[in-house]
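**Q** okay, here's the prediction I keep looking at, along with the sequence it came from:
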Amino acid sequence: ASMVMRAAAFSRVCRRAFPAITNHPHSMLACSSGPSSDRLFSSHDNGEQLFSSSTMVNEEEEASHRKYYAISGTGQRSTVKMETNTGHNLQTDVPKKMGGGDSAPQPVEHLLAALLGCTQATAIYVGRTMNPRLIIDKIDFDVEAYRDERGALEIPIIDKLPTIPARLQCVSGTVRVHFKQKGVQVSEEQLRILGEQTEARCPIANMMHASGCVMDIQWVNG
């Protein structure tokens, strides 16, 4: 119960601190927005503002379905070494031309790797729960992305933020799906549903969509 209450409180803090993000229709922090959050406070005759009990119940219900992630790390020069709460180690670096040591993948390469891994896991789930079921043998990924470097490097650095977003602007490529069912023809419609549902349910793809990044991924039958 204490975890649920802490999660609900965290959600309220985030909505107050980052209204532009949490009010975004695709924001994970916006999932309590709408009619219930409009009643976040109930005005009583005595002028006091109290949390709506119905909103608290909704937030507790939402919090009970959350999956949490945690990671700790230490950065030295251009390298960061990290450990997840599940016991796995990660490391990032940047190329030598950017002042780094090129000892590990760049952070954005980790982001793309996360997209591929998330897509793989989500597609397997989506496929096996479709009707009829699509049992995936393997998926071949060929993906590239670009961003406008001015978003990160624009100078002078003053109180005005860069006019160009630093995020990825486009991710494109091919997802080639190989199915286990021998002799079973997977239709274009089934493949479309698989790709569409996977991109909607994959947390990484969903976050990229919400940022404004163009996702131009073609799903093809292997």
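**A** Cool, got the structure.

**Q** pretty sure D137 contacts K182?
**A** No. Between D137 and K182 there is no contact under CB atoms under 8 Å: 9.9 Å. All C-beta atoms are positioned from the backbone trio N, CA, C, and that covers glycine.

**Q** which one of these two has more residues nearby?
**A** D137 (11 against 6; other CB atoms under 10 Å).

**Q** list the buried residues for whichever strand or helix holds that one?
**A** According to DSSP states H and E, D137 maps onto strand 136-147. Judged by neighbour count (16 or more other CB atoms under 10 Å), strand 136-147 contains these buried residues: I136, I139, F141, V143, A145, R147.

**Q** how about the helix or strand just after that strand: buried residues?
**A** Counting by DSSP H and E, the next helix or strand C-terminal to strand 136-147 is helix 150-153. Of all the residues in helix 150-153, those buried under the rule 16+ other CB under 10 Å are G151.

**Q** CA atoms only: put the helix or strand just after helix 150-153 into CSV for me.
**A** Heading C-terminal from helix 150-153, the first helix or strand you meet, by DSSP H and E, is strand 168-179. Provided in CSV are the C-alpha atoms of strand 168-179 (Å, rounded to 0.1, in the frame of the first residue of the first chain):
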residue,chain,number,x,y,z
LEU,A,168,15.8,12.4,-32.9
GLN,A,169,13.9,13.8,-35.8
CYS,A,170,13.3,10.6,-37.7
VAL,A,171,13.8,6.9,-37.3
SER,A,172,13.5,4.8,-40.4
GLY,A,173,14.2,1.3,-41.5
THR,A,174,12.8,-2.2,-42.0
VAL,A,175,11.5,-4.8,-39.6
ARG,A,176,11.6,-8.2,-41.3
VAL,A,177,9.5,-10.8,-39.4
HIS,A,178,10.1,-14.5,-39.8
PHE,A,179,7.2,-16.7,-38.7
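
**Q** neighbours of M98, just the number please.
**A** For M98, using other CB under 10 Å, the count is 12.

**Q** quick one: contacts of the top helix by length along the chain?
**A** Ranked by residue count, the top helix of the chain under DSSP state H comes out as helix 107-129. Identification of contacts with helix 107-129 by CB atoms under 8 Å, 6 or more residues apart in numbering yields 90, 92, 94, 105, 133-136, 139, 141, 143, 145, 147, 168, 171, 175, 177, 194, 197-199, 201-205, 208.

**Q** now, of the residues you listed, which are buried?
**A** 92, 94, 105, 134, 136, 139, 141, 143, 145, 147, 168, 171, 175, 177, 194, 197-199, 201-202, 204-205, 208.

**Q** could you look up the SS state of M208?
**A** Here M208 is helix, with the state taken from DSSP: H, G, I helix; E, B strand; the rest coil.
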